[in-house]
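> Just to be clear, the model below is a prediction. Sequence and coordinates:
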Amino acid sequence: MTAVLLKSMLLALVLTLMLELPAAAVLGVRGKTNFIIVILANTLTNPAVNCIHSFCRYSLGFGFAQMTVITALLEISAFVTEWLVYKRNTDVEKPFRLSLCCNAFSYLTGLGITAIIN
């Protein structure tokens, strides 16, 4: 179970980076340091979100309504955390927009992938 969870979390992080790095470039992120900050911010938030989400779903057995609330709170937390990281550590002109758009893009794409797979 642990190996499966770790593989799943690593895949989620890799897919998130594959989506958010090009999105960040489209949104005007330039420079090696800024892209490293995007990678680090996602490495900070993505595993935590997925770990807490999995714990609530599988260990606590939360139902659909509870998981909807948990998911919303986790995604908002990730968005705010990344926004603050970008605001304080990059020279990106609009860190709020960057965080919001990248997180919305990767979340919605993930929903689409999940819908296709299931």
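Nice, thanks for sending it over.

> If we ignore the residues flanking it in sequence, what's nearest the residue nearest the centre of the chain?
Residue closest to the average C-alpha location in the chain (Cα atoms, centre = their mean): residue 46, at 4.5 Å. Closest residue to residue 46 in three dimensions, ignoring its sequence neighbours and counting by Cβ to Cβ, 6 or more residues apart in numbering: residue 13, at 4.7 Å. (C-beta placed from N, C-alpha, C; glycine too.)

> again with residue 70
Per Cβ to Cβ, 6+ apart, closest to residue 70 is residue 56, 5.0 Å.

> Run through the residues that contact that neighbour.
Going by Cβ atoms under 8 Å, 6 or more residues apart in numbering, residue 56 touches 62, 66-67, 70.

> For residue 30, grab the count of nearby residues.
12 (other Cβ atoms under 10 Å).

> wait, residue 82
26.

> Show me the contact partners of stretch 31-49.
9, 12-13, 16-17, 20-21, 24-25, 29, 74-75, 77-78, 81-82, 85-86, 89-92, 102.

> how about a cut-off of 6 Å?
Contact partners of stretch 31-49, identified using Cβ atoms under 6 Å, 6 or more residues apart in numbering, comprise 9, 13, 16-17, 24, 74, 78, 81-82, 85, 89-90.
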